[in-house]
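Asks: Below is the structure, and that's it, no one-letter string:
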């Protein structure tokens with residue numbers, strides 16, 4: 001693997017662990033980008049081979065995690081569904097709570113959460129409502 005100046009990592013990584021970890025990471029990206037379950041299974045088997053070749057505790061743990069969560073990964077591949085929107089909403093709520101430093105009025109806390117949610121929704125919606133057909 002070449003660095004910015006074209007030199008390899010051999011000087012900085014004599015054990016080749018960085019290259020092995022990078023290869024495992026790239027294989028994981030291919031697995032998660034699979035279009036079909038059959039393709040995902042092939043990529044999982046290839047990932048297992050990369051992990052065995054890398055022979056590192058970190059990559060072994062990563063592969064164990066993939067095996068443990070395989071059913072959820074299959075759902076992701078088939079449906080494309082993630083919890084990203086829910087996680088984003090939870091982060092927004094946590095940030096509001098953090099900046100509020102302990103709301104004493106639960107109605108104000110709820111109003112702030114709803115306003116933040118509405119602002120995010122408005123940012124995703126194109127502004128064409130209420131405009132005449134000429135200006136839209």
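Replies: Structure's in. What do you need? Every value quoted in this text rests on a predicted model; they were computed, and no experiment measured them.

Asks: CA only for contacts and neighbour counts going forward, please
Replies: Will do.

Asks: Now the residue nearest the centre of the chain. Its backbone dihedrals?
Replies: The centroid of the chain falls nearest to residue 84 when counting by C-alpha atoms, centre = their mean (8.0 Å). Residue 84 adopts backbone torsions of phi -60, psi -40, taken as degrees, to the nearest 10.

Asks: Please apply the same query to the one 4 residues further on.
Replies: Taking degrees, to the nearest 10, you get phi -60, psi -40 for the backbone angles of residue 88.

Asks: Could you check how far it is from residue 120?
Replies: 10 Å (C-alpha to C-alpha, to the nearest Å).

Asks: Check residue 42 too.
Replies: 39 Å.

Asks: mind listing what residue 42 touches?
Replies: Listed by C-alpha atoms under 8 Å, 6 or more residues apart in numbering, residue 42 has no contact partners.

Asks: how about 10 Å then?
Replies: Counting by C-alpha atoms under 10 Å, 6 or more residues apart in numbering, residue 42 touches 31, 34, 48.

Asks: Show the contacting residues for the residue nearest to the centre of the chain.
Replies: Contacts of residue 84 (C-alpha under 10 Å, 6+ apart): residue 90.

Asks: State the pLDDT value of it.
Replies: You'll see residue 84 listed with a pLDDT of 82.

Asks: any idea how far it is from residue 67?
Replies: Counting by C-alpha to C-alpha, the gap from residue 84 to residue 67 is 22 Å.

Asks: Do a quick rundown of the strands in the chain.
Replies: Per DSSP state E, the chain carries no strands over any range.

Asks: What values do phi and psi take at residue 34?
Replies: phi -60, psi 150.

Asks: what's near enough to touch the nearest residue to it once chain neighbours are set aside?
Replies: Of all residues not flanking residue 34 in the chain, residue 40 sits nearest, at 5.2 Å (C-alpha to C-alpha, 6 or more residues apart in numbering). Counting by C-alpha under 10 Å, 6+ apart, residue 40 makes contact with 28, 30-34, 46, 73-74, 77.
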